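>>> Test case, fold it:
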Amino acid sequence: TFQYSGWLWNGEQFDSSWEKGAPFTTTIGTGQVIQGWDQGLVGQPVGSQVLLVIPPELGYGDKAQGEAIPANSTLVFVVDILSAS
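Here you go, the predicted structure:
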């Protein structure tokens, strides 16, 4: 379970679990999230705050994600790891 904010390299925020008012829960290391999260968060201990800078090839590559994330975007995430099961 995580709290996170996601930013484009240009400083524009595109997502935030803090602003949504609820943490995000998923399984890491199994392909349920972008590769940059799987690679950057596996093995990190609960209680850590992690800064991920994810190149396009470990994010969404050449596929835009709606209007919020253009194709070939470098993504920046601040992730607080709240719990693990």
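>>> Hmm, Gln13 is touching Ile69, no?
No - using C-beta atoms under 8 Å, Gln13 makes no contact with Ile69, being 11.1 Å away. Heads up, the C-betas are built off the backbone N, CA and C, glycines and all.
>>> So if I had to pick from these two, which one is more boxed in?
More crowded of Gln13 and Ile69, by other C-beta atoms under 10 Å: Ile69, with 18 against 12.
>>> need the contact list for that one.
8, 14, 59-60, 75 (C-beta atoms under 8 Å, 6 or more residues apart in numbering).
>>> repeat for Val78
Val78 neighbours (C-beta under 8 Å, 6+ apart): 4-5, 49-51.
>>> That one: which element?
Assigned by DSSP states H and E, Val78 belongs to strand 75-81.
>>> List the buried residues for that strand?
75-77, 79-81 (16 or more other C-beta atoms under 10 Å).
>>> Number of residues surrounding Lys63?
12.
>>> need the helices for the chain, in chain order.
17-20, 35-41 (DSSP state H).
>>> Give the other helices and strands that the longest one contacts.
With contacts taken as 3 or more C-beta pairs under 8 Å, 6 or more residues apart in numbering; DSSP states H and E, helix 35-41 sits against strand 49-54, strand 75-81.
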